[in-house]
Structure formats: structure tokens, C-alpha cells
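Novice: quick one: sequence and predicted model below, then my questions.
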Protein chains: 2
Amino acid sequence: MLTDKWHFYYLWFAMYDCLRHNIKQRVLLSDREFEEIEAVTTQVLLKKKCSLLTEGTVCDFFAFVNKGCLRSFSVNGKGAEHIVQFAFEDNWISDLQSYIEEKPATLSIESIEDSDILVIRKEDMERLFHSIPLLERWMRLLLQNAYVAVQRRLNHSLSIPAEERYAALLRFHPDIATRVPLIHIAAYLGITPESLSRIRRQLSSK
Amino acid sequence: MLTDKWHFYYLWFAMYDCLRHNIKQRVLLSDREFEEIEAVTTQVLLKKKCSLLTEGTVCDFFAFVNKGCLRSFSVNGKGAEHIVQFAFEDNWISDLQSYIEEKPATLSIESIEDSDILVIRKEDMERLFHSIPLLERWMRLLLQNAYVAVQRRLNHSLSIPAEERYAALLRFHPDIATRVPLIHIAAYLGITPESLSRIRRQLSSK
DNA sequence: CGTCTATTTGAATGTACTCAAAAGCGGTGG
DNA sequence: CCACCGCTTTTGAGTACATTCAAATAGACG
């Protein structure tokens, strides 16, 4: 999972820039508080197609993507994968259900590209909640956002056809088509790779 | 929306029992704190098929269902309804997106049965967050749950066929088939009423 | 350059949809 | 209390669209 030869280089003071910026969007913390958070983060450098979480183990962490791209997914009885979330730069990813209930994860998390991740363990997170009460609010806001996003996605998956959903996805993430293999986007949209391929042809002929 | 002739009768001390019980599941509050919450709740008695929130108005409240059943739904361009949530007794409902961002709601909320609702307005809620810090945690936990639930539903809607999703819904809410019209359950599952009717026939022949 | 995987294409199949009509059910007023 | 009306649910037939399976092509990587 960890690699020694690697191509992300950070000046010591730049490694947490993205994380700080991300947290600042929701709550205002002091430098000391940021340092407290940074003290409990672990950097994980993942090569493409490496696993950060495997179904069946308890997910005891939150991961922040500094660089690269991860996906969380479940595998059904017939071996088909269903993608719950893509996490690009500046996004958080976890198996919340497993994290909260401390039960074996039903999701797996894997890198799609070589990725640079910051991980915070649950026990550290809980400690942070006590020493930095504002983080409770931060977490609430993060969850609110995540909830609204997944609800919108559910609604769309029920109400609009796959072709439009794909077009909307492209509008929101213009680079997803080049960065993420078609097979994963299909698994995200809930259709077969063949169908998505045909949808692409249709869209490009317009 | 409000009705004068009505068939829910409460002893003064029983009206908030269900609400207290619901909050106690997540955080431990003092009687004084409960009273503070109760002081800002408004009881709303809704007849069947009455509206609590209409698409386009800002949703500035959280509603708790004491008795009865509500649904939140969106209407797409072609007039088709898609149900986001059913809220039975002991459940919360709102248009979180509208509530959070204070923008016009994309959802509507309506009663399915005669219902007894407790409403808390956002401004009061924010005040409560300040005077009862534990409520911040309560809200976080509520959101965590809601998030996990909607994510599971999204995952199921992508990965398992409507027939199994309906069977699972019945296992979780055995009374939904009698309390909620087929047409709404179909709108919840994302299929046509005709298809759900055929699914019912198949299931009952087993 | 060759192998392995991802993507595209084609044809046949099946499932869910639409449209139309009949049956069932609940509520209302005579 | 019963007859009627409107709405919900069921049933049927034809259709459209996504899927499956199979094969060809294109791309990525050592």
C-alpha cells in the first residue's frame, strides 16, 4: 500500500495547505488548532489501484484526498461493483456506516490514480472533538453537505435517465471522463459499461 | 392546513413524550433543556393529503411526526412525482437542502394520513444550538444516521432489482402496504404503479 | 513488441414501460 | 342504507430500451 519511490514532493509547509483550506470553508480555527489536527494526520501515498479499506474490516478513519482520486464501492453477490463515491482532490472519503457503528465495512476504498491521502483515525477524531468543540460543527456541516449530495443523487437516479445523469456528471466533473475508466463511471451510474459506451457515442454525435 | 375538528387528544404532559424519547436515543438532556426545546415547538395537525411545505418556498423548519405519516417528494418536468422520504411516527422530516442553504425548496412535504406534527423553526433551532451545545451533537448524529440510510438506499436502488427492494421495504415497514397507497410506494422505488402491482402479484403467489 | 485490459460494436433477449381498459374500493349525498 | 362517482389498483398487449453474450478493436504497460 505504501510506496517508497514516489512522485509527489512537498515543502514541509505545503503538505497541509489543501487540508487547511478545506476546513476553513466551514469553520474558523486558530493556527494552534490546525496544528493539533495536523499532529494526528498520517500521510498515505497510494499507487493506482491500491486499497485503503477492504470490505469486512472496520473503517476507523476519515481520509482526505490531497492529490489523486479514490472510489468507495460495494460488491454484490454476483461480483458486480457499485460505486458509492468518487473522491478527487479536496474531498473526504470513508465508510461512514462502518465508522459510526464500528462494524465491518460493507464498502471498499481504492485508488484510481496514484494518490496522496491524509488519514485521521477515529480515536484521534473523537479527541479532537473534545479539544476543539468547533469541529463538532465542522463535522455537522460536512455531513449536511454529504447528505444533501447523496439525496440529490438518489433522486436523480430514480427520476432522470442515465444519459442525462452522465451529461450532468460531465458538467460537474469535466475531467472525470479522462481520469476515471468508463467501467467505473458505469458502476457509478448503475448501468453496464456497454450502455455507457453507447451513451458516449450518442452524446459525441451531437 | 390546520383543522379544528380533530381526533388526536393529548394529556398536556403526553404531547412531548414521543419527542423526548426520540431525542434521548441520541443525547442525554436535563428536564430544563427539554422544556427549552418544547417551548419553541409548534404543534401542527394535518388532515390527510395536506401540504406542510410547497416546492418553491424556503423550508425553514424541522418537523417531527408524533402520529401519522408524511412524505417528501419532488415533481419532475413531466409531472411525475419521486418520493424522497416517508416519515412515520417518531421520525423527522424536512427539505434539508433548502433548510441549510435557505433557498427555495425543490421538495414538497405532504401528509398521507391525518397527522400530528411538531415543528421547530430554524431560527429557534439555531438558538437552541447555542444554549444547549449537546444539541449540536444530536444533530450530527441525526445527520449521520440519515446519511447512512440514504446512501444505503442509493446503493440498493443501483444494485438490487425493484422486487427485492420492495420486499426489503415490507420487512422494515410491515404496515407500509396498508398505510401508503401503491402509487406512492412505486414513486419511492422508482418504478411505475403498474410494475409494482405486478410485483405484488408475484410476491403473493409465493 | 506482445500481452493484458478496457472499450466498442453487433445481435438476440428480456424486462419494464406506455397506453388502454376493466375491476375494485372508499367516500358522498340522496 | 344504497347508489353513484372518482380514484386506485389490476390486467392485458404492444413497444422501447437496457442488458447479456460474443467478438472485434483500441490502449496501456512492461
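Specialist: Structure received. Since the model is a prediction, treat every value here as computed from it, not as a measurement.

Novice: what's the local residue count around A:Glu194?
Specialist: Residues near A:Glu194, counting by other Cβ atoms under 10 Å in any protein chain shown, number 10. All C-beta spots, glycine's among them, are computed from the backbone N, C-alpha and C.

Novice: which residues sit against whichever helix or strand it is part of?
Specialist: Here A:Glu194 is covered by helix A:193-204, with elements defined by DSSP states H and E. Here helix A:193-204 makes contact (Cβ atoms under 8 Å, 6 or more residues apart in numbering or on different chains) with A:162-163, A:166-167, A:182-183, A:185-186, A:189, A:191.

Novice: from those, keep the buried residues only.
Specialist: Of the members of the contacts of helix A:193-204, the ones counted as buried by neighbours, 16 or more other Cβ atoms under 10 Å in any protein chain shown, are A:162-163, A:166, A:185-186, A:189, A:191.

Novice: of all the residues in chain A, which ones are close to chain B?
Specialist: Counting by Cβ under 8 Å from any Cβ of the partner chain, chain A comes close to chain B at A:74, A:76, A:80, A:82, A:84, A:96-97, A:100, A:133, A:136-137, A:139-140, A:143-144, A:146-148, A:150-155, A:157-160, A:190.

Novice: tally of neighbours for A:Glu164?
Specialist: 12.

Novice: what about whichever strand or helix holds it and DNA strand D, any contact?
Specialist: Using DSSP H and E, A:Glu164 maps to helix A:162-172. Yes - under the criterion of Cβ under 7 Å from any atom of the strand, DNA strand D is reached by helix A:162-172 at A:162-163.

Novice: please see if the helix or strand that comes right after that helix touches DNA strand C.
Specialist: From helix A:162-172 onward toward the C-terminus, using DSSP H and E, the following helix or strand is helix A:176-179. No - with Cβ under 7 Å from any atom of the strand as the criterion, DNA strand C is not reached by helix A:176-179; the gap is at least 8.8 Å.

Novice: please apply the same query to stretch A:78-91.
Specialist: No - under the criterion of Cβ under 7 Å from any atom of the strand, DNA strand C is not reached by stretch A:78-91; the shortest gap measures 11.0 Å.

Novice: contacts for that stretch, please.
Specialist: For stretch A:78-91, the surrounding residues in contact (Cβ under 8 Å, 6+ apart) are A:18, A:21-22, A:63-76, A:93, A:107, A:112, A:173, A:176, A:179-180, A:184, A:187-188, A:190, B:151, B:154-155, B:158-159.

Novice: which positions in chain A make contact with DNA strand C?
Specialist: Of all the residues in chain A, those in contact range of DNA strand C (Cβ under 7 Å from any atom of the strand) are A:181-183, A:193-194, A:196-198, A:200-201.

Novice: please indicate which of those are buried?
Specialist: Buried residues within these, counting neighbours by 16+ other Cβ under 10 Å: A:196, A:200.

Novice: show me what contacts A:Leu154?
Specialist: Under the criterion of Cβ under 8 Å, 6+ apart, the neighbours of A:Leu154 are B:84, B:150, B:153-154, B:157.

Novice: looking at the residues you listed, which are in helices?
Specialist: Using DSSP state H to define helices, the subset of these located there is B:150, B:153-154, B:157.

Novice: and the furthest pair within the residues you listed?
Specialist: Within these, B:Val150 and B:Ser157 form the most distant pair, 10.2 Å apart (Cβ to Cβ).

Novice: neighbour count: these two, which is higher?
Specialist: For B:Val150 versus B:Ser157, the count of surrounding residues by other Cβ under 10 Å is larger for B:Val150: 22 against 19.

Novice: surely the more buried one and A:Gln151 touch.
Specialist: Yes - between B:Val150 and A:Gln151 there is a contact under Cβ atoms under 8 Å: 5.3 Å.

Novice: next, give me the two most distant ones among the contacts of helix A:193-204.
Specialist: In the contacts of helix A:193-204, the most distant members under the criterion Cβ to Cβ are A:Ala167 and A:Ile183, with 18.7 Å between them.

Novice: can you count the residues close to A:Glu136?
Specialist: By other Cβ under 10 Å, 19 other residues sit near A:Glu136.

Novice: likewise A:His130?
Specialist: A:His130 is flanked by 9 other residues according to other Cβ under 10 Å.

Novice: next, the buried residues of the host helix or strand of it.
Specialist: A:His130 belongs to helix A:122-131 when elements are defined using DSSP H and E. In terms of neighbour count (16+ other Cβ under 10 Å), helix A:122-131 has its buried residues at A:122, A:124-125, A:128-129.
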